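J.: I would like to see how this sequence folds:
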Amino acid sequence: MPRVRRFLSVLRDDLEVARLRDPAARSLIEVALGYPGVHAVWTYRLAHRMWREPGLRLAARLLAQAARAATGVEIHPGARLGQRLFIDHGMGVVIGETAEVGDDVVLFHGATLGGKTMHHGKRHPTLGDGVVVGAGAKILGPVWIGNGAQIGANAVVITDVPAGAVAVGVPAKIRTVSRDSPLIAADVDDPAIYI
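T.: Coordinates of the predicted model:
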């Protein structure tokens, strides 16, 4: 019974974070029925549990592919996702097999957590807690994105990004924002505003 309660609590957290982060969300039922990012995360959670059982890996991959067809979001069942991940709109989001995503992360549509090599081992990014990845951004390779970092829309990140930093451009460069600025990270919903 504790497992079922924990599972239901995680599902509720996924709904709540979508409702809180998206100003267009009017109710939990609307989020549960109409948010492909939430559906993709829920399907991932089941596929990830299956992936951990060697005999179910093929079934896990097939479930992930069905979710991709239904939602436009591709999450490899081997990826490790934290709590309260919010994928806004969802279409075109890709999360590779060795990607690791912390808690309270936001990914906008078209974001990629991808690889840049075909070698075995760690080849996808690691995102800390509270990271925001803008629309169309690409984070490639086994790079580290620190807690609270923001990745601007359409940025291409191929090197580590320190905690609290803002990375924009192709290739992405770190932009610093004065703590006295009216545009401090806590007040900015769209990292592209720094461009």
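
J.: the nearest residue to residue 155 once chain neighbours are set aside: neighbour count?
T.: Excluding the flanking residues, the one nearest residue 155 by CB to CB, 6 or more residues apart in numbering is residue 172, at 4.3 Å. C-beta coordinates here come from the backbone N, C-alpha and C atoms, glycine included. By other CB atoms under 10 Å, 23 other residues sit near residue 172.

J.: can you pull the contacts of residue 172?
T.: Residues in contact with residue 172 (CB atoms under 8 Å, 6 or more residues apart in numbering) are 151-152, 155-159, 161.

J.: drop anything exposed from those.
T.: 151-152, 155-157, 161 (16 or more other CB atoms under 10 Å).

J.: among the residues you listed, which one sits closest to residue 55?
T.: Nearest to residue 55 among the buried ones among the contacts of residue 172: residue 157, at 36.4 Å, using CB to CB.

J.: bridging residues for the closest one?
T.: Beta-bridge partners recorded for residue 157 (DSSP bridges): residue 139.

J.: report the buried residues of the helix or strand where residue 67 lies.
T.: Using DSSP states H and E, residue 67 sits in helix 57-71. Buried residues in helix 57-71, counted by 16+ other CB under 10 Å: 60-61, 63-64, 67-68, 71.

J.: which strands and helices sit next to that helix?
T.: Packing partners of helix 57-71 (3 or more CB pairs under 8 Å, 6 or more residues apart in numbering; DSSP states H and E): helix 36-51, strand 74-75.

J.: tell me the most buried of these?
T.: strand 74-75 (a mean of 23; mean count of other CB atoms under 10 Å).

J.: what's it packed up against?
T.: Going by 3+ CB pairs under 8 Å, 6+ apart, strand 74-75 lies up against helix 36-51, helix 57-71, strand 94-95.

J.: possible to save those as CSV with distance to residue 111?
T.: CSV is the format used below for the helices and strands packed on strand 74-75 (distance: least, CB to CB, whole Å):
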stretch, distance to residue 111
helix 36-51, 11
helix 57-71, 14
strand 94-95, 8
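
J.: still on that earlier bit, so which of the helices and strands packed on helix 57-71 gets nearest residue 108?
T.: Closest to residue 108 of those is helix 36-51 (CB to CB; 9.6 Å).

J.: now what about the closest one, what contacts it?
T.: 10-11, 14-15, 18, 31-32, 56-57, 59-61, 63-64, 66-68, 70-73, 75, 77-81, 85-91, 93, 107.

J.: let me see the contact set for the residue lying closest to residue 82 once chain neighbours are set aside.
T.: Leaving aside its sequence neighbours, residue 82 sits nearest to residue 103 (CB to CB, 6+ apart; 3.9 Å). Residue 103 sits next to 82-85, 129-130 when contact means CB under 8 Å, 6+ apart.

J.: give me the mean pLDDT for the helix or strand encompassing residue 8.
T.: In this assignment (DSSP H and E), residue 8 forms part of helix 2-21. The pLDDT scores in helix 2-21 average 84.
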